[in-house]
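> Take this sequence and fold it.
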Amino acid sequence: MNSSRRQFLVSCGRSAAILSAGPLLASCAAQAAASVRGFSETRLSDPLAARILAYASLASSGHNSQPWEVTLLESHHWRIGIPPERRLPAVDPLGRETLISLGAFLENLAQAAAVEGLHAEVKILSDESQCRDMVEVRLTAGASNSPVWLKRMQQRRVVKKGQLATKLRDDDTRWLQSIYPEQLLYFPRGSAEAGRIAQGAVEAMAMQCQRDEVIHEFARWMRFGNAEIEAQRDGLTTAGMEIEGLAGWFLNHFYTPSDVLKPSFRQQTVDLTAELANAGAGWLVLANNGQTPGALIETGRQYQRLFLQLRERNIACHPMSQLLEEAAGQRELAGLLGRETHAQMLLRIGYVDRYPAPVSPRRPVDWFVKG
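Here you go, the predicted structure:
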């Protein structure tokens, strides 16, 4: 490597570190073009089914791995599963967060179907988290939903940088507390609980950065440059990580996944995690009382339903799951909550001066539909 390239990589390192300081359930990407957002032409003979599934695919997922496949049994009768190659065994060995991602997909599906006057009947097929076929869906006649939900799905965006150090207004706090009164907890900036969660997030990230399998898994999902993004339509990219300008251009043209394996990148990742964890209005904890596939899928549906409504209140959301991926972190959160419940999602939230447009690539429907 020549000296000028090395010096520029060093100067870009801090910006690049945000790539792995993001959440497991972040929707990260590089372009907003329709062809990259999952709304391209399809071979499906049922345009309504294709449209519903395209909206469903705009859901959050770990490393933007999009861990869903749909088998068409009949026009409005589908089996939905998790392809093994789209799981994340290093950071999610039990499949917990992958099931939450599948739940987010199902919530989008249900909301999009309801706009068409259809009800999505969801049946859990297995109690085994590693099973491929997880859910059966039938669309039947039902009450109509507002088209505003389609706009919410199209505009949903993880926002990491720029969350303001302002506590939530009372009306927004009351609104959050009314959504899932027993399952959604808000710990405002400056509280002891928020401080413990932020510290735990940094410590958990430091632990993960010491594990080669985690870093290699992260590198496997990196997508640099428009050609690779267009070819894959998934994974982690610079625009979704909010790396813009000259730094973003340079990374897309000269960076490779092997660059993120270096020790310097790991330390920069921990440093940036500390910066992000202490920004914003505070933390939301989404909890439930079960660890079964059904309970985790329901958590994903709740998370997605909440996330889809935050933008209208100018509240940005950055899921940071590292603490939940470590046994020590689970114990810390259990003590923090002080009750018999399982923390399933940690969301760093805050107001923003400007809510950016979505830049999330998605695989076309034909890529994840069979039969």
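
> switch to C-alpha atoms for all contacts and neighbour counts from now on
OK.

> buried stuff in stretch 123-135?
By neighbour count with 16 or more other Cα atoms under 10 Å, stretch 123-135 contains the buried residues 125, 129-130, 132-135.

> can you give me the strands for this protein?
In the chain, the strands defined using DSSP state E lie at 69-74, 77-81, 118-124, 133-141, 184-188, 282-288, 315-319, 342-351, 369-370.

> Just send those back as CSV, with distance to Ala247 and mean pLDDT too.
Formatted as CSV, the strands of the chain follow (distance: least, Cα to Cα, whole Å; pLDDT from 0 to 100):
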stretch, distance to Ala247, mean pLDDT
strand 69-74, 35, 96
strand 77-81, 38, 98
strand 118-124, 44, 98
strand 133-141, 41, 97
strand 184-188, 33, 93
strand 282-288, 29, 93
strand 315-319, 22, 96
strand 342-351, 25, 94
strand 369-370, 37, 94
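
> Where does pLDDT dip in this structure?
Scanning the chain for pLDDT under 70 picks out 1-41, 339-341.

> And the helices in it?
3-17, 47-56, 96-115, 148-155, 170-179, 192-209, 212-220, 226-232, 245-254, 263-277, 293-310, 327-337, 365-368 (DSSP state H).

> Among those helices, which comes closest to Val352?
helix 293-310 (11.5 Å; Cα to Cα).

> what helices or strands is that closest one leaning on?
Counting contacts by 3 or more Cα pairs under 8 Å, 6 or more residues apart in numbering; DSSP states H and E, helix 293-310 is packed against helix 96-115, helix 148-155, strand 282-288, strand 315-319.

> For Pro89, find the nearest of the strands of the chain.
That would be strand 77-81 among the strands of the chain, by Cα to Cα, at 16.5 Å.

> Partner strands of the closest one and their direction?
strand 69-74 (antiparallel), strand 133-141 (antiparallel) (DSSP bridges).

> who's in contact with the shortest one?
In this structure, residues lying in contact with strand 69-74 by Cα atoms under 8 Å, 6 or more residues apart in numbering are 78-83, 368-371.

> Could you tell me the angle between it and helix 96-115?
40 degrees (axes from the mean of the first three to the mean of the last three Cα atoms, to 10 degrees).

> before we move on, the earlier item: tell me the most buried of the helices of the chain?
Of all these, helix 96-115 carries the top mean neighbour count, a mean of 27, counting by mean count of other Cα atoms under 10 Å.

> what helices or strands is that helix leaning on?
Using 3+ Cα pairs under 8 Å, 6+ apart, helix 96-115 sits against helix 47-56, strand 118-124, helix 148-155, helix 293-310.

> how far does the longest one sit from the chain's center?
Relative to the chain's own centre, helix 293-310 is displaced by 11 Å; criterion: Cα atoms, centre = their mean, to the nearest Å.

> Of the helices and strands packed on helix 293-310, which is nearest Tyr180?
Per Cα to Cα, nearest to Tyr180 of the helices and strands packed on helix 293-310: strand 282-288, 8.7 Å.

> Residues contacting that closest one, please?
167, 183-190, 194, 197, 295, 299, 303, 341-350.

> Separate out the buried members of those.
Counted by 16+ other Cα under 10 Å, the contacts of strand 282-288 give 167, 183-189, 194, 197, 295, 299, 303, 341-350 as buried.

> residues near Arg169, how many?
11 (other Cα atoms under 10 Å).

> Just want to check the distance between it and Val158.
21 Å (Cα to Cα, to the nearest Å).

> Please apply the same query to Ile124.
Ile124 is 28 Å from Val158, by Cα to Cα.

> Also Ser321?
Distance, Ser321 to Val158, using Cα to Cα: 13 Å.

> again, but for Pro147
Taking Cα to Cα, one finds Pro147 at 22 Å from Val158.

> More neighbours: which of the two?
More crowded of Pro147 and Val158, by other Cα under 10 Å: Val158, with 27 against 13.

> from what I can see the more buried one touches His318, true?
Yes: Val158 lies in contact with His318 (Cα atoms under 8 Å); the separation is 5.5 Å.

> distance of Gly117 from Arg51?
For Gly117 relative to Arg51 (Cα to Cα), the value is 14 Å.

> Show me the domain layout of the chain.
3-26+158-351, 34-156+358-370 (automatic domain parsing).

> In TSV: the strands of the chain, plus distance to Trp175.
Output for these, formatted as TSV (distance: least, Cα to Cα, whole Å):
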stretch	distance to Trp175
strand 69-74	34
strand 77-81	33
strand 118-124	26
strand 133-141	31
strand 184-188	11
strand 282-288	13
strand 315-319	12
strand 342-351	14
strand 369-370	37
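
> closest to Ile243 out of those strands?
That would be strand 315-319 among the strands of the chain, by Cα to Cα, at 15.6 Å.

> Sheet partners, orientation included, of that closest one?
Assessed with DSSP bridges, strand 315-319 is paired to strand 342-351 (antiparallel).

> Which residues does the partner strand contact?
Contacts for strand 342-351 (Cα under 8 Å, 6+ apart): 163-168, 277, 280-291, 296, 299, 314-321, 324, 330, 333-334.

> what angle do that strand and helix 327-337 make?
Going by the same axes, to 10 degrees, strand 342-351 makes 80 degrees with helix 327-337.

> And strand 342-351, how far out from the chain middle?
Distance, centroid of strand 342-351 to centroid of chain: 12 Å (Cα atoms, centre = their mean).

> what do you get for stretch 160-173?
20 Å.

> measure that stretch end to end?
Stretch 160-173: ends 20 Å apart by Cα to Cα.

> what's in contact with that stretch?
By Cα under 8 Å, 6+ apart, stretch 160-173 touches 22, 186, 188-189, 241-242, 276, 279-282, 313, 316-318, 349-353.

> repeat that with 7 Å
Residues outside stretch 160-173 that contact it (Cα atoms under 7 Å, 6 or more residues apart in numbering): 188-189, 279-281, 316, 318, 350-352.
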